[in-house]
Structure formats: C-alpha cells, structure tokens
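> using only what follows, build the 3D model:
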Amino acid sequence: MSFLRRIVAHKALVFAFAVLVHAQTAKDLDALRGKTVPDFQLRSIDGKVQRFSQFRGKVVLMNFWSPY
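You can find the predicted model right below:
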C-alpha cells in the first residue's frame with residue numbers, strides 16, 4: 001500500500017472513530033443533563049481549600065494532570 005493510501009486510510013479511520021465517540025458522548029451527556037455533580041474539595045496552588053459547591057451556577061473548567 002502506498003504512503004498516500006495509508007495516510008488517507010488512517011484519516012478515514014480516525015474520523016470514523018471520532019464520529020462514534022461523539023455520538024456516545026452526546027448520549028451520555030443527555031443521561032446526565034439536570035443531575036447535580038457531587039460536592040468535593042481540592043487544594044489550590046496557594047494552599048486554600050476550594051469546594052466545588054462554591055462555583056454553583058458558574059462554568060467550571062478543570063484540568064487534571066500529573067507530572068508522572
């Protein structure tokens with residue numbers, strides 16, 4: 001198989017996978033719509049304890065990462 005054909009096949013496979021994941025995610029989101037997220041707490045960079053309930057009614061973007 002030529003290099004160009006492999007790239008096209010790979011892109012088609014990735015696209016198909018993305019469509020399937022999106023469809024499943026949308027279904028999962030519909031099941032969660034209207035439910036409340038459990039309250040939890042995390043320590044911020046400056047050492048203060050932040051509770052998730054403090055942000056009720058606001059958009060929250062959480063980015064979890066690990067240096068390991």
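> okay, now the unreliable bits of the chain?
Applying pLDDT under 70 to the chain flags residues 1, 17, 19-27, 66-68.
> how much space between residue 15 and residue 2?
Per CB to CB, to the nearest Å, residue 15 is found 20 Å from residue 2. Glycine gets a C-beta too; all of them are placed from N, C-alpha and C.
> same check, this time on residue 43
Taking CB to CB, one finds residue 43 at 54 Å from residue 2.
> show me where this structure has its helices.
Counting by DSSP state H, the chain has helices at residues 3-32.
> circling back to that earlier point, neighbour count winner among residue 15 and residue 2?
Between residue 15 and residue 2, counted using other CB atoms under 10 Å, residue 15 has the larger neighbour count: 10 against 7.
> so who does the more buried one touch?
Listed by CB atoms under 8 Å, 6 or more residues apart in numbering, residue 15 has no contact partners.
> residue 9 versus that one, what's the distance?
Separation of residue 15 from residue 9 (CB to CB) stands at 11 Å.
> residue 40 against residue 49, yeah?
No. The criterion here is CB atoms under 8 Å, and residue 40 misses it with residue 49 at 10.7 Å.
> tell me which residues touch the residue nearest to residue 40 when sequence neighbours are not counted, please.
Leaving aside its sequence neighbours, residue 40 sits nearest to residue 52 (CB to CB, 6 or more residues apart in numbering; 5.3 Å). Neighbouring residues of residue 52 by CB under 8 Å, 6+ apart: 37, 38, 39, 40, 41, 60.
> change it to 7 Å
Residue 52 is in contact with 37, 39, 40, counting by CB atoms under 7 Å, 6 or more residues apart in numbering.
> share the number of residues neighbouring the last one, please.
Burial measure for residue 40: 9 neighbouring residues, criterion other CB under 10 Å.
> do you know how far it is from residue 62?
As judged by CB to CB, residue 40 and residue 62 stand 11 Å apart.
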